[in-house]
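Visitor: The amino acid sequence is not available; the structure is as follows:
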């Protein structure tokens, strides 16, 4: 037997005044998800633990069965892996933003006008710098995003960030936080990298051209999310499942790459995406799918748009009903993103598990409040994979 | 106030096609268990954690409040204690099967035709061997089962098993797994024991007689479940409860002996068994009862027989209704054993706690799905004893 986990990113919400004190999932017409709820077993899930506000990264690690307390070492390594940088044990990875600063290093735009062209060439110029004490690779990602991997002996990751996280403030010097020689070395090298990359970017023709046409130049790299490469058992070794991951988000792809899962490219249309996943299941035992868009609507404080997106997702998941006759499907949100808050919250998320031998409960709707009365009751993110392994009759016995 | 825990071994199940997608417990007429559910508070319980497939051993340890992560060191010590072998700190205990091998040590019958006579005499012959580097005691149990306790200085338990677990394969040499001198010593001694016991058994008149009458000779001991004696606080010391255990299964008796609980012999008839337990409660504060038979029907893939057994158990538990007016009763399964799977699974089990001051919920049936809506919600095996201690007003305050 096989299993699919569908994560509808940030789909869970809180009751919203504009929706008559209902959640987007309660308002949306979700016939297919409701069918899964009727045929399956429902519950609520705390991605990490009750009340803890999970990131997409920590939540996905937990849902895949990797306790973030041990597996999460910061966003840098996940981001770097997600854009295809090879990371080795001992490497330090850092998230970067192309940003705009003035002559006094005051941040004017943390995203350099959400720059979306020329970053590959800018990255090439940055990579020509050579640093004393470590090698590095720098690579652009989508828009203003980029990542940096430092490689050398005796590097530590206990350092501060250069990103002031607010415009109008000065780029911050990177300082060691833990007093170790290793972190001191990293801080020195990263400050050197900041200074030198600023010099290179400030003089780069692409930025001269941007300035001339009134666009904010990408003349600074803001560093954050510094983390050491986490040593993780591969997903296949842990579960003996041939596995893939389909996601548009770099961070989710990064997690999948660190776990040596195959990366399956999604088509833009939701419905084809899920159809493709079911087709891929001929070759895989397990696929995790992340559908990002509901989260984005909630970040934009737009509950109405979130309702529409949920209905599109619902239409797309119909192939799962057939698939779950012989195999298992878990559908859930990775965290709550209240449209009113515009950011992740720590509320639990609804969950349905559907498949041939679940103890079907009497819940007939898929949403936050209906699922809270379901047969699964309330579990944690790290419980989901053991539960699926058990249902697939693939779990090892503990004791005799 | 006093408490009884009734564990109906493997009684929980999954919805079964032959039972119209109901579980045996849902199909069975269980008027007495339903009465307990109506008068009590219900919930579901994960013996270890959600999805984890518990053995009878790890589950009973957890339900008695001993986290198996700390208390479970393998089946050997529990098995050996169960048949009355004294085990001391530092001892290594091993489960053994009387088995049949050919001249090339290929296993022909892992259970020597489920031999049921003469094993006491065979064990006596084995005990006459002397080994270099350790003393030992070997004792027969029921049918083909036996246990071995090694005692000596510097013994480790990080060794492999000689049991190939499949017929047609050769007896395996025992090898040290952790590189320690202690485990090397144990491996050497156990290989010597295997060889010497085979020589003794192969020539034994009982086996000559078996072979002559066409029965497979018990000419080899297969070793498995090697474990060090776990140092456990006695049940009485931990809870200040005078306690007993009534079980037919060696492994449950073994756990009870390791915890210094009194062993109460069950009569074969269920109904008398429970009546006797209630009578015993004049002298005890706590008794754990294990009723094995539903698990066996599920291991035999026989949901119909499981329904019948559950109804017999239900008839037997009627004295608990009266008992729970003044005292507490918890009735549950130690793990799910789906009749379709024929082995333990990691699904949660139903639980009812009945007694004078529980917060009675509105559940009126005792089964997997009804209890999932109960007031206890979803708890773990190790939560049960603290809950009972609390209800009996015997728990110590944490803080002030």
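Guide: Alright, I've got the coordinates. Keep in mind it's a predicted model, so treat the numbers as computed, not measured. Numbers count the residues shown, from 1 in each chain, chains lettered A, B, ... in the order given.
Visitor: Quick check: the residue of chain A nearest chain B.
Guide: Nearest residue of chain A to chain B (C-beta to the nearest C-beta) works out as residue A:399 at 2.5 Å. Glycine gets a C-beta too; all of them are placed from N, C-alpha and C.
Visitor: how many other residues sit next to the closest residue to that residue other than its chain neighbours?
Guide: Take residue A:399 and drop its neighbours on the chain: the residue closest to it by C-beta to C-beta, 6 or more residues apart in numbering or on different chains is residue B:55, 2.5 Å away. Residues near residue B:55, counting by other C-beta atoms under 10 Å in any protein chain shown, number 22.
Visitor: And for residue A:70?
Guide: Using other C-beta under 10 Å, residue A:70 is surrounded by 11 other residues.
Visitor: Now do the helix or strand harbouring it, average pLDDT.
Guide: Per DSSP states H and E: residue A:70 is located in helix A:68-71. Helix A:68-71 comes out with an average pLDDT of 94.
Visitor: same thing with stretch A:77-88?
Guide: For stretch A:77-88, the mean per-residue pLDDT is 89.
Visitor: Then stretch A:372-390?
Guide: Computed over stretch A:372-390, the mean pLDDT rounds to 98.
Visitor: residues of it that come out buried?
Guide: For stretch A:372-390, a neighbour-count test (16 or more other C-beta atoms under 10 Å in any protein chain shown) marks A:374-390 as buried.
Visitor: Quick one: end-to-end length of that stretch, please.
Guide: Using C-alpha to C-alpha, to the nearest Å, the end-to-end distance of stretch A:372-390 comes out at 22 Å.
Visitor: does any bit of that stretch sit next to chain B?
Guide: Yes - residues of stretch A:372-390 contacting chain B under C-beta under 8 Å from any C-beta of the partner chain: A:373-380, A:383, A:385-390.
Visitor: Show me the two of these that sit farthest apart.
Guide: Greatest spacing in the residues of stretch A:372-390 next to chain B, by C-beta to C-beta: A:373 and A:389 (25.6 Å).
Visitor: Quick one, grab the pLDDT at residue A:348.
Guide: On pLDDT, residue A:348 comes in at 98.
Visitor: Contacts only, for it.
Guide: Residues in contact with residue A:348, defined by C-beta atoms under 8 Å, 6 or more residues apart in numbering or on different chains, are A:12, A:44-46, A:50, A:336, A:368, A:372, A:378.
Visitor: where's residue A:70 relative to residue B:75, distance?
Guide: Distance of residue A:70 to residue B:75, given as C-beta to C-beta, to the nearest Å: 29 Å.
Visitor: Surely residue A:385 is in contact with residue A:61?
Guide: No - using C-beta atoms under 8 Å as the test, residue A:385 is too far from residue A:61 to be in contact (11.1 Å).
Visitor: How about the residues of the stretch 101-250 of chain A by chain B?
Guide: Counting by C-beta under 8 Å from any C-beta, none of the residues of the stretch 101-250 of chain A come close to chain B.
Visitor: what does the stretch 301-400 of chain A give?
Guide: Counting by C-beta under 8 Å from any C-beta, the stretch 301-400 of chain A sits next to chain B at A:357-361, A:373-380, A:383, A:385-391, A:393, A:395-400.
Visitor: From those residues, which land in helices?
Guide: Among those, DSSP state H puts A:385-391 in helices.
Visitor: Would you check which pair of those lies furthest apart?
Guide: Maximum pairwise distance among these (C-beta to C-beta): 10.7 Å, between A:385 and A:391.
Visitor: I'd like to know which elements the longest helix seen in chain A is packed against.
Guide: As assigned by DSSP H, the longest helix anywhere in chain A is helix A:181-202. Counting by 3 or more C-beta pairs under 8 Å, 6 or more residues apart in numbering or on different chains; DSSP states H and E, the packing neighbours recorded for helix A:181-202 are strand A:92-101, helix A:119-127, strand A:145-151, strand A:220-228.
Visitor: Now residue A:52. Nearest residue, chain neighbours left out?
Guide: In space, and not counting its chain neighbours, residue A:52 is closest to residue A:346: 5.0 Å by C-beta to C-beta, 6+ apart.
Visitor: And the contacts of stretch A:46-53?
Guide: Here stretch A:46-53 makes contact (C-beta under 8 Å, 6+ apart) with A:54, A:58-59, A:62-63, A:68, A:334-335, A:344-346, A:348-349, A:378-381.
Visitor: which of those residues count as buried?
Guide: For those, buried by 16+ other C-beta under 10 Å: A:54, A:58-59, A:62-63, A:68, A:334-335, A:344-345, A:348-349, A:378-381.
Visitor: Is residue A:343 in contact with residue A:337, as I believe?
Guide: Yes - with contacts counted by C-beta under 8 Å, residue A:343 reaches residue A:337, the gap being 6.9 Å.
Visitor: ok, now how distant is the residue lying closest to residue A:395 once chain neighbours are set aside from residue A:259?
Guide: Closest residue in space to residue A:395, ignoring its immediate chain neighbours: residue A:389 at 4.3 Å, by C-beta to C-beta, 6+ apart. Separation of residue A:389 from residue A:259 (C-beta to C-beta): 15 Å.
Visitor: ditto for residue A:370
Guide: Residue A:370 is 32 Å from residue A:259, by C-beta to C-beta.
Visitor: do residue A:225 as well
Guide: 19 Å.
Visitor: returning to what we had before: you'd agree the residue nearest to residue A:399 is up against residue B:10?
Guide: No - using C-beta under 8 Å, residue B:55 is not in contact with residue B:10; the gap is 10.9 Å.
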